[in-house]
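Trainee: predicted structure and sequence below. I'll ask about it afterward.
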Amino acid sequence: MDGLDFIFDEKSSKPRVSGHPSAMDPEKFLDACTMSRGRTGGPGGQHRNKIETQVTMLHKPTGLTAQAGEQRSPEANRKRAIKRLRLLLATEHREPVPAGEARTALWISRCSKGRIACNAEHADFPAMLSEALDVLYACGMDAKKASVRLECSATQLVKLIAKHPHALEVVNRERKEHGMHTLRG
């Protein structure tokens, strides 16, 4: 069992499968995506113009896409596109939060004494970000209520979200629609 795929059910200690695509096992994630390649302009010399180095990843269930084409290597661009798609899913796609225990095993392992330990470059970051945003939305965009459910400080929660500027922008847009002040990272 991978810590990314499970959350604990309130009624039992048995973990249950998480529904957020950004937290999926890499193999399952790729099964839910299609990849296409194309040519891209810009610097890179003749090599870049002759082969298809740009990679576009489509997450079939949500229709969200991400692309990368800045490297000369299609494999490097594929990895960047996958990372960008996971971050886009974490930011744009919401999953329901169960009553009771809302934290996943991953969250529990990365949050200790109210502090969240996850670098924005780490592979776990999209899953952590999606979990934080799912709970924040479930709590009506109230960072204090969400931090109580996630057992971290509100400051730590906002700092995690602010590590991905697009996520903070989305949260602040939603908070503004609810008549709330914006959050600062």
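Mentor: Perfect, I can see it now.
Trainee: name the helix or strand for Ser36, please.
Mentor: strand 33-38 (DSSP states H and E).
Trainee: same for that strand, what does it pack against?
Mentor: The criterion is 3 or more CB pairs under 8 Å, 6 or more residues apart in numbering; DSSP states H and E, and the helices and strands that strand 33-38 contacts are strand 54-59, helix 74-92. Placement of C-beta: from N, CA and C, glycine included.
Trainee: would you agree Ala132 is in contact with Leu150?
Mentor: Yes. Using CB atoms under 8 Å, Ala132 makes contact with Leu150 at a distance of 6.8 Å.
Trainee: residues of the strand holding Ser36 that come out buried?
Mentor: 33, 37 (16 or more other CB atoms under 10 Å).
Trainee: for that strand, give me every contacting residue.
Mentor: For strand 33-38, the external contacting residues (CB atoms under 8 Å, 6 or more residues apart in numbering) are 52-60, 69, 74, 78, 81-82, 85.
Trainee: give me the buried entries from those.
Mentor: 53-59, 69, 74, 78, 81-82, 85.
Trainee: how about those residues, which pair is most distant?
Mentor: Thr53 and His59 (21.2 Å; CB to CB).
Trainee: correct me, but Gln156 touches Lys113?
Mentor: No. Gln156 is beyond contact range of Lys113, at 10.1 Å (criterion: CB under 8 Å).
Trainee: in terms of neighbours, single out the busier of the two.
Mentor: Comparing Gln156 with Lys113 by other CB atoms under 10 Å, the one with more neighbours is Gln156, at 17 against 7.
Trainee: got the angle for the one helix or strand the more buried one maps to vs helix 74-92?
Mentor: Per DSSP H and E, Gln156 falls inside helix 154-162. Relative orientation of helix 154-162 versus helix 74-92 (axes from the mean of the first three to the mean of the last three CA atoms, to 10 degrees): 140 degrees.
Trainee: elements contacting helix 154-162?
Mentor: strand 115-116, helix 125-138, helix 143-150, helix 165-177.
Trainee: which sections of the chain are below the confidence cut-off?
Mentor: Under the criterion pLDDT under 70, the flagged ranges of the chain are 1-19, 40-51.
Trainee: per-domain residue ranges of it.
Mentor: For the chain, automatic domain parsing gives the domain ranges 26-92, 98-177.
Trainee: what sits in contact with each of Ala132 and Leu150?
Mentor: Joint contacts of Ala132 and Leu150 (CB under 8 Å, 6+ apart) are Leu157.
Trainee: for Leu85, which non-adjacent residue is closest in space?
Mentor: Computed as CB to CB, 6 or more residues apart in numbering, the closest residue to Leu85 that is not its neighbour in sequence is Ala66, at 3.8 Å.
Trainee: quickly find the element holding the one you found.
Mentor: strand 64-68.
Trainee: now Thr182, nearest residue through space, not along the chain?
Mentor: Spatial nearest neighbour of Thr182, chain neighbours left out: Asn172 (4.2 Å); criterion: CB to CB, 6+ apart.
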